[in-house]
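Student: model the structure of this input:
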Amino acid sequence: MNESSPILALNNGLLPEGWAESTLVDLVSSRKGKKPKTLMSDSRDNLVPYILIDQMEGKPAKEFTDDKSAPIAAVSDILIVWDGSIGKTASGITGAIGSTIAALTPILIVTSYLESFLRLCKPYIEQNSRGSGLQHISPDVFWDIRVPLAPLAEQKRIVAKIEELLPLVNAAKEHLNRTSQIMKRFRQAVLSAACTGRLTEGWRKEHPNVESADQLLVRINLSRKERIGKKCDAHYTGTLIDSFSRPEYIENEGYDDIPSSWIWCRVSQIATVYIGGTPSRKQPSYWDGDIPWVSSGEVANCHIKTTREYITLEGLNNSSAKLYPLNTILIAMIGEGKTRGQAAILDIECCTNQNVAGVVVEAGVLPDYVWCWALSEYETNRSVGRGGSQPALNKQKVNELWLLLPPYEEQQEIVSRVEALFKLADTIEKCIETARLRADKLTQSILAKAFRGELVPTEAELARQEGRSYEPAAVLLERIKAEKGNASGSKRRTVRG
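Tutor: Next up is the predicted model:
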């Protein structure tokens, strides 16, 4: 095998007995897809489906065409993504192929055999792509791939074995994916139990005499009055009892058994909410300094230990950005995707942009507990920001968010238990990821064994055992060359674009 082969190292470059090798270009005819002149959204007898990557992945066609000039894939063709997510393959599909796809027609070769080999070659194809943005298959590399060709009967046995083994690997992958989803639900269940009192029900029975949350809230308010000399925020009514009413939105939401030592309060009653800012990007001296600066996209239900961008002291002093202390809770306020409502906690001092609220809690409230609350209430807090052309939270809405406040000692116990359970979840998820990587490697390992001649007995070996002759791949290769010459008038029809 020469250096253009992605399986040069397989079996030290030696072919199994009875095998041969040839460049891919000599084993197939090919054509590149294009967008049909006419496309319709309904399916009729005279129409064929329009095949894009989604259809290669098994999704039903959304468009159909009667354009007779459109390249049509047959069931026996191999479809390969030529532009974009290159190297992805499919077979057994018929229809008009899109412009990012090429169709390969194997000549006297089992379709699934060649498709399996191309799956093995996918990393090689990706590594040798062309294009600085959108990836494209490099024709010079692709067509020069050398294919190890087994005798025809052996190809069929190899395909049968692959089709026996890979579903088992895929089933294992699916199980791992389901387990990952279970772990996500486990984390959410832990947070929900933590922030409604269920997680520490036994602890409360063992500690009946701790300071209640309403007493804690009184201390926080008195501390604020002493520190500032006036009532601390516009949302505090001046009478604690008025502020402790049950929030309307939690009716029928499973909050009926709240511990008597806990209390409902608004964020503004236990923390100060700030909004960040962005120094002018027109001033280079404001940027690339040593002060970490967080964008809303980095607020992703995580601990923030580092940031993508940094600002200078000059940038901080000439903008509305604020330097937040460690343990500040950040809540993303803008975004229709997942971002709005996501939370983070700072492990460093840093600033944020104006789309992030910084929540600095009062003494007597654990930042880690408030972060647990923010994680558990992601969907609820996110829904507060709905409405308008640009769904968003704002400072006032964040101030008015409701949370359940436990006694301080119970906050400590909650945080300790959540950390322990999340550490367990981290360990399990690392095991899942390790298993997933092994499963991914197992697929390639099975394919590599197949094309080293190690997956099934070779045709040469079986022929000797059974005392019969067989057609070596070298003879098959001669028939392929003759067939291709007859079909194309000795002209290569290969995709070069």
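Student: what about Lys423, distance to Glu409?
Tutor: According to C-beta to C-beta, to the nearest Å, Lys423 stands 22 Å off from Glu409. The C-beta positions use only the backbone N, C-alpha and C, and glycine is treated the same way.
Student: of those two, who's got more company?
Tutor: Glu409 (17 against 10; other C-beta atoms under 10 Å).
Student: element containing the more buried one?
Tutor: Glu409 is located in helix 408-450, with elements delineated by DSSP states H and E.
Student: show me what that helix is packed up against.
Tutor: Applying 3 or more C-beta pairs under 8 Å, 6 or more residues apart in numbering; DSSP states H and E, one finds that helix 408-450 contacts helix 111-127, helix 152-194, helix 201-206, helix 367-376.
Student: hey, which of those is tucked in deepest?
Tutor: Counting by mean count of other C-beta atoms under 10 Å, helix 367-376 has the highest mean neighbour count of these, with a mean of 24.
Student: any weak-confidence spans in the chain?
Tutor: By pLDDT under 70, the weakly predicted segments of the chain are 1-13, 229-256, 335-336, 385-391, 487-494, 496-497.
Student: domain-wise, how is it divided?
Tutor: Following automatic domain parsing, one finds the domains of the chain at 10-151+459-488, 152-207+409-457, 211-406.
Student: quick check, Leu149 in contact with Leu108.
Tutor: No - taking C-beta atoms under 8 Å as the definition, Leu149 is not a contact partner of Leu108, at 10.1 Å.
Student: more crowded one of the two?
Tutor: In this view Leu149 and Leu108 are compared by other C-beta under 10 Å, and Leu149 has more residues nearby, 26 against 14.
Student: quick one: the closest residue to that one other than its chain neighbours and Glu461, what's the gap?
Tutor: Distance criterion C-beta to C-beta, 6 or more residues apart in numbering; nearest residue to Leu149, sequence neighbours excluded, is Ala473 at 4.4 Å. Remark: distance between Ala473 and Glu461 (C-beta to C-beta) = 14 Å.
Student: same deal with Gln127?
Tutor: 34 Å.
Student: swap in Ile446?
Tutor: Relative to Glu461, Ile446 is positioned 20 Å away (C-beta to C-beta).
Student: out of those two, which sits in the busier spot?
Tutor: Set side by side, Ile446 and Glu461 show more neighbours around Ile446, with 20 against 16, by other C-beta under 10 Å.
Student: in contact with the more buried one, which residues?
Tutor: The contact partners of Ile446, taken as C-beta atoms under 8 Å, 6 or more residues apart in numbering, are Ile162, Leu165, Leu166, Val169, Leu455.
Student: now do 7 Å
Tutor: The contact partners of Ile446, by C-beta atoms under 7 Å, 6 or more residues apart in numbering, come to Ile162, Leu165, Leu166.
Student: just give me the closest of these to Asp257.
Tutor: Within the contacts of Ile446, proximity to Asp257 (C-beta to C-beta) peaks at Leu166, which comes in at 49.6 Å.
Student: my guess is that closest one contacts Thr443. True?
Tutor: Yes - contact between Leu166 and Thr443 holds when scored by C-beta atoms under 7 Å: they sit 6.5 Å apart.
Student: secondary structure element for Leu462?
Tutor: Since the elements are taken from DSSP H and E, Leu462 ends up inside helix 459-466.
Student: one more: Leu404?
Tutor: strand 402-405.
Student: show me how far that strand is from its chain's centre.
Tutor: 32 Å (C-alpha atoms, centre = their mean, to the nearest Å).
Student: with only the CA atoms kept, save it in PDB.
Tutor: Output for strand 402-405, consisting of C-alpha atoms alone and laid out as PDB, is shown next (Å, rounded to 0.1, in the frame of the first residue of the first chain):
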ATOM      1  CA  TRP A 402     -38.800  34.700  44.300                       C
ATOM      2  CA  LEU A 403     -36.700  32.200  46.200                       C
ATOM      3  CA  LEU A 404     -37.200  30.000  49.200                       C
ATOM      4  CA  LEU A 405     -34.700  31.000  52.000                       C
END
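Student: pairing partners for it, with directions?
Tutor: Strand 402-405 has the following strand partners under DSSP bridges: strand 263-266 (antiparallel).
Student: pull the distance from the following helix or strand past the strand it pairs with to the chain's centre.
Tutor: Later in the chain than strand 263-266, the nearest helix or strand by DSSP H and E is helix 267-270. If you compare the mean C-alpha spot of helix 267-270 with that of the full chain, they lie 35 Å apart, counting by C-alpha atoms, centre = their mean.
Student: and what of stretch 199-219?
Tutor: 40 Å.
Student: next, the distance between the ends of that stretch.
Tutor: Taking C-alpha to C-alpha, to the nearest Å, the first and last residues of stretch 199-219 lie 26 Å apart.
Student: kindly report the same for stretch 333-346.
Tutor: Length of stretch 333-346, first residue to last, C-alpha to C-alpha: 17 Å.
Student: what comes into contact with it?
Tutor: 296-297, 299-304, 324, 326-332, 355-357, 367-368, 371, 374-375, 378, 381-382, 385, 390-394.
Student: and the residue nearest to Leu149, how many neighbours does it have?
Tutor: Ala473: 26 surrounding residues under other C-beta under 10 Å.
Student: hang on, it packs against Pro16?
Tutor: No - assessed by C-beta under 7 Å, Ala473 is found out of contact with Pro16, at 9.3 Å.
Student: who touches the strand ranked longest in the chain?
Tutor: Once the chain is assigned using DSSP state E, the strand that runs over the most residues is strand 287-294. Strand 287-294 is contacted by residues 279, 304, 306-307, 309-313, 315-316, 321, 323, 330, 348, 350-352, 356 when judged by C-beta under 7 Å, 6+ apart.
Student: after that strand, next one along is what?
Tutor: Stepping forward along the backbone from strand 287-294, the first helix or strand reached (DSSP H and E) is strand 302-304.
Student: just checking: what are the partner strands of that next one?
Tutor: Strand 302-304 has its sheet partners listed here by DSSP bridges as strand 343-346 (parallel).
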